[in-house]
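# here is a sequence together with a model predicted from it:
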Amino acid sequence: MKKRLLSATLVTAVVALLLSACTAAPGSETFYSYDGATPLASYRPGEILKSRTLSYHVLGLPTPVTAVQLLYRSTDVQGNPSANVTSILKPETPDPSKAVSYQSFYDSLDPADSPSRSVAGGITLGGLINNVEAFLIGPLLDKGYTVVIPDTQGQDANFAAGPEYGYNTIDSIRAATRSADTGLDRRTRFGLVGYSGGAIATNWAAALAPTYAPDVNRQLVGFAEGGLLVSPANNLNYVSGSVVWAGIAAMATVGIGRSFDIDLDPYVNDYGREILGRFEKASIINVLLQYPGMTWEQLVKPEYADPNTIPAYVDAVNRVNLGSAPTPSIPGLIEQGANGVLEGTPGDRPGIGPGDGVMIAGDVRTLVRQYCTTGNTSIKYTEYPHLSHILTMLAWAPNALEWIEARFAKEPAPSSCGRVALGNSLAPEAIRPASPPS
């Protein structure tokens with residue numbers, strides 16, 4: 001009955017959004033920040049600071065699904081204590097032994113677009129992605145999984161700060177298992193699932209868990225992801241001047257600058273200052289297709305056309321390179337498209353090769369090979385030479401669900417090790433965005 005009601009609510013919600021141009025707020029914003037007298041650093045990572053229970057909303061309308069939201073202590077990309085929010089969705093017939101941590105691809109520099117705001121009933125243009133993801137979350141609830149959805153980018157919306165995504169995801173699991181309202185505990189096993197921006201959080205969580213949170217790592221059965229960002233330096237080169245995805249490079253520039261407290265103003269020209277200011281609270285919906293042909297060189301002063309001249313920025317970009325992160329100890333499923341031409345991104349740049357339009361297949365192949373040679377041979381990799389980023393998600397989603405179900409069933413994890421083609425270098429380097437091919 002609850003499944004039919006959820007489906008009906010989804011249809012009704014779509015109609016409601018089309019008929020409404022207003023922006024709805026998710027209630028009091030005070031829930032999203034820590035305001036206690038005890039210093040935040042005094043709390044353990046994953047410790048609960050606030051809790052509330054409400055209905056899971058889709059496009060502003062309540063569904064029959066119960067959501068528990070937790071404000072918890074986590075860690076930012078610089079290692080400082082932070083407060084973050086996670087949403088735990090409870091299925092009609094929950095199995096307390098299994099849960100999925102679903103990492104959203106909301107990709108926004110505006111905290112108002114976070115999954116927790118959408119779950120609580122907020123409606124924003126950037127938050128539309130969270131509502132579309134209900135079609136990926138629904139099948140997990142139908143199969144009895146409790147679904148944990150962290151605000152992976154934190155309450156400052158630090159877009160592209162990969163390690164912070166990972167810390168927020170890991171500590172979200174800790175918080176979910178410490179709450180008496182979720183039905184989860186330290187015996188619950190978790191699968192990690194995410195695509196694109198969600199894949200960044202998924203992979204960083206899997207990579208950081210063995211050292212940052214061995215307690216959580218023991219609960220993980222595996223990670224399933226697709227459309228993965230590995231080396232931001234390579235990606236900023238790849239999307240530079242593209243038709244659809246060029247604006248994402250400026251978003252990443254803002255996000256990385258914000259995350260690492262880098263003042264970019266001395267380096268940008270007037271146009272760059274206008275663009276970066278415009279992007280301070282931009283979501284991926286605000287940039288796709290809207291800045292065709294944009295390059296790094298257009299944004300900076302002539303003397304900074306080579307990013308090597310901005311050491312602090314180059315250092316920050318290399319710190320979010322997954323190739324330099326530890327190898328996960330759990331099985332993984334990684335899928336990647338390689339026909340970015342369909343989304344307006346050429347694949348003929350030296351050292352880059354084909355990608356899906358925004359993510360680079362050669363980078364992902366190298367990461368998989370690196371995992372295989374550093375102790376984790378339980379990685380299955382699939383590359384789709386004819387699919388772009390968005391199309392690959394459609395192929396990945398059912399595969400991810402099937403793969404995760406097999407891990408919970410304790411079936412042996414498949415491996416592609418020894419059968420993955422060579423890829424690109426992931427060595428730390430400066431960003432070298434190229435001008436678009438003529």
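Noted; the coordinates are in hand.

# what's the burial count for residue 345?
29 (other Cβ atoms under 10 Å). The C-beta positions use only the backbone N, C-alpha and C, and glycine is treated the same way.

# likewise for the one 10 residues further on?
Residue 355 sits with 32 neighbouring residues when counted by other Cβ under 10 Å.

# excluding residues flanking it in the chain, which one is nearest it?
residue 340 (4.7 Å; Cβ to Cβ, 6 or more residues apart in numbering).

# how near is the one you found to residue 227?
Taking Cβ to Cβ, to the nearest Å as the measure, residue 340 and residue 227 are separated by 11 Å.

# pull up the overlap in contacts between those two.
Common contact partners of residue 340 and residue 227 (Cβ atoms under 8 Å, 6 or more residues apart in numbering): 356, 358, 389.

# who wins for most neighbours among those?
Once you tally neighbours by other Cβ under 10 Å, residue 356 ends up highest among those, having 33 neighbours.

# do I have it right that that residue meets residue 392?
Yes. When contacts are counted by Cβ atoms under 8 Å, residue 356 is listed as touching residue 392 (5.7 Å).

# roughly how far out does the longest strand anywhere in the chain sit from the chain middle?
The residue-count maximum for a strand in the chain (DSSP state E) belongs to strand 61-75. Distance of strand 61-75 from its chain centroid, counting by Cα atoms, centre = their mean, to the nearest Å, is 18 Å.

# do the same with stretch 311-328
Worked out by Cα atoms, centre = their mean, stretch 311-328 lies 16 Å from the chain centre.

# state which helix of the protein is the longest.
Assignment by DSSP state H gives helix 389-408 as the longest helix of the chain.

# could you list the buried residues of that helix?
The neighbour-count check on helix 389-408 (16 or more other Cβ atoms under 10 Å) flags 389-393, 396-397, 400-401, 403-404, 406-408 as buried.

# so what does it touch, helix or strand wise?
helix 134-142, strand 189-195, strand 220-226, strand 332-337, strand 379-384 (3 or more Cβ pairs under 8 Å, 6 or more residues apart in numbering; DSSP states H and E).

# for the second one, which strands pair with it and how are they oriented?
Meaning strand 189-195. Sheet partners assigned to strand 189-195 using DSSP bridges are listed as strand 98-103 (parallel), strand 220-226 (parallel).

# gap between whichever helix or strand comes after that strand and the chain center?
Following strand 189-195 in sequence order, the next helix or strand is helix 197-212 (DSSP states H and E). What separates the centre of helix 197-212 from the centre of its chain is 10 Å, taken as Cα atoms, centre = their mean.

# who are the packing partners of helix 197-212?
strand 98-103, helix 162-178, strand 189-195, helix 214-217, strand 220-226.

# neighbouring strands of the longest strand of the chain in the sheet, and parallel or not?
strand 48-58 (antiparallel), strand 81-90 (antiparallel).

# pLDDT averaged over that strand - what is it?
Across strand 61-75, pLDDT averages out at 98.

# and for stretch 199-214?
Per-residue scores along stretch 199-214 average to 98.

# can you check stretch 149-156 too?
The model assigns stretch 149-156 a mean pLDDT of 98.

# so this structure: which segments form each domain?
2-179+190-214, 227-403+416-438 (automatic domain parsing).

# low-confidence regions, the stretch 201-350 of the chain specifically.
The stretch 201-350 of the chain contains no residues with pLDDT under 70.

# residue boundaries of the helices in it?
Assigned by DSSP state H, counting those that start in this stretch, the stretch 201-350 of the chain shows helices spanning 214-217, 232-239, 246-259, 270-278, 284-287, 296-299, 311-319.

# in the last one, what's buried?
Of the residues in helix 311-319, 313-314, 316-319 count as buried by neighbour count, 16+ other Cβ under 10 Å.

# swap in the first one?
Neighbour-count burial for helix 214-217, counted by 16+ other Cβ under 10 Å, picks out 216-217.
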